[in-house]
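Undergrad: need coordinates for the following:
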Amino acid sequence: MRPILLQGHERSITQIKYNREGDLLFSVAKDTVTNVWYSVNGERLGTYNGHTGAVWCVDCDWDTKNVLTGSADNSCRLWDCQTGKQLALLETNSAVRTCGFDYSGNIIMFSTDKQMGYQCFLNFFDLRDPQQIGTCT
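TA: Next up, the predicted model:
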């Protein structure tokens, strides 16, 4: 297996994550962009734009239908993996450091930093409940 050089971030990478099948690789960095790559040849398939601060974490669900990102802009965002459309925006009081899906893909979680006088929190939301998650326009 030969290494593939991926050039798509202007600042240092904070996390990379494969999807379950291993054909897609997601990367986030201290810039504001989330990239998705085809892992076989390193082709950049697209970007998820919307964050205004460093992106600390990324996860995709079991079926690679949705992508979740967390950022220093005090938000966690849910994206449609295929189209790159932002599906939901969850705003917090401090930076989002970790995020993830449960195995069913129905529950998302993220944790926040203890900063600016706010305690750190671990948050859980059920994507099946529109009152919990809302939608973006």
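Undergrad: quick one: low-confidence parts of this structure?
TA: Applying pLDDT under 70 to the chain flags the ranges 1, 134-137.
Undergrad: one more time with 50
TA: Regions of the chain meeting the criterion pLDDT under 50 cover residues 136-137.
Undergrad: quick one: the strands in the chain?
TA: 13-18, 24-29, 33-38, 43-49, 55-60, 66-71, 75-80, 86-91, 96-101, 107-112, 122-126 (DSSP state E).
Undergrad: which one of those strands is the most hemmed in?
TA: Comparing the strands of the chain by mean neighbour count (mean count of other Cβ atoms under 10 Å), strand 66-71 ranks first with a mean of 25. Just so you know, the C-beta spots here come from the backbone N, C-alpha and C atoms, and that holds for glycine as well.
Undergrad: which strands and helices lie in contact with that one?
TA: The contact analysis (3 or more Cβ pairs under 8 Å, 6 or more residues apart in numbering; DSSP states H and E) places strand 66-71 against strand 33-38, strand 55-60, strand 75-80, strand 96-101, strand 107-112.
Undergrad: sorry, back to before: make a markdown table out of the strands of the chain and add distance to Pro3.
TA: Below are the strands of the chain laid out as a markdown table (distance: least, Cβ to Cβ, whole Å):
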| stretch | distance to Pro3 |
| --- | --- |
| strand 13-18 | 13 |
| strand 24-29 | 13 |
| strand 33-38 | 13 |
| strand 43-49 | 15 |
| strand 55-60 | 21 |
| strand 66-71 | 24 |
| strand 75-80 | 28 |
| strand 86-91 | 32 |
| strand 96-101 | 27 |
| strand 107-112 | 31 |
| strand 122-126 | 36 |
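Undergrad: now render the helices and strands packed on strand 66-71 as a markdown table, adding distance to Leu25.
TA: Listed next are the helices and strands packed on strand 66-71 as a markdown table, based on distance: least, Cβ to Cβ, whole Å:
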| stretch | distance to Leu25 |
| --- | --- |
| strand 33-38 | 4 |
| strand 55-60 | 10 |
| strand 75-80 | 15 |
| strand 96-101 | 17 |
| strand 107-112 | 20 |
